[in-house]
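Trainee: Fold the following.
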Amino acid sequence: MKKSEMKPYKELLIALRARLRGDVSSLANSALAKGPDSGESGRAPADIADMGNSMLEENNSLLLMDNEEVVLTQIEEALERIADGTYGCCVECGARIPKLRLNTLPYTPYCVKCAAEMETHRRS
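Mentor: Predicted coordinates for the structure are as follows:
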């Protein structure tokens, strides 16, 4: 892929990275502010159900943070591939990744075939 073709993807990746960093920071602050034994407003929960809801919300926030951290890592790796001129090529087989796929998932390191194979191996 030519450098001129990579520029819009680089800009998109930088914007995604900035947004996700803000989301992760916000989720972390929210989870820390609530604490494990507190209710919605930081006071003690009224009953077991409130405590369960608080724990579920905190767990969901942590899961979202973990997922967003993975995506942030993939974005950083995609920006490195842009810098070294290999962006748009599958890191597994070397095939060109279709622009339609890059438009949908700009940080993907894999072509559709390799991504499907990896998903199949992961499930088995």
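Trainee: what sits against residue 16?
Mentor: Listed by CB atoms under 8 Å, 6 or more residues apart in numbering, the contact partners of residue 16 are 71, 75, 106-107. To be clear about C-beta, it is placed using only N, CA and C from the backbone, and glycine gets the same treatment.
Trainee: what's the farthest-apart pair in those residues?
Mentor: Of all pairs drawn from the contacts of residue 16, the one with the largest separation by CB to CB is 71 and 106; the distance is 10.7 Å.
Trainee: Name the residue in those two with the higher neighbour count.
Mentor: Neighbours per residue, other CB atoms under 10 Å: of residue 71 and residue 106, the larger number sits with residue 106, 22 against 16.
Trainee: Go ahead and confirm the more buried one touches residue 9.
Mentor: Yes - between residue 106 and residue 9 there is a contact under CB atoms under 8 Å: 5.2 Å.
Trainee: Find residues that contact each of these two.
Mentor: Taking CB under 8 Å, 6+ apart as the contact rule, the neighbours common to residue 106 and residue 9 are residue 78.
Trainee: neighbours around residue 123, how many?
Mentor: By the other CB under 10 Å criterion, the neighbourhood of residue 123 contains 6 residues.
Trainee: err, residue 8, not the other one
Mentor: The criterion is other CB under 10 Å. On that basis, residue 8 has 12 neighbouring residues.
Trainee: Quick one: mean pLDDT over whichever strand or helix holds it.
Mentor: With secondary structure defined by DSSP states H and E, residue 8 is part of helix 3-34. Within the predicted structure, the mean pLDDT of helix 3-34 is 79.
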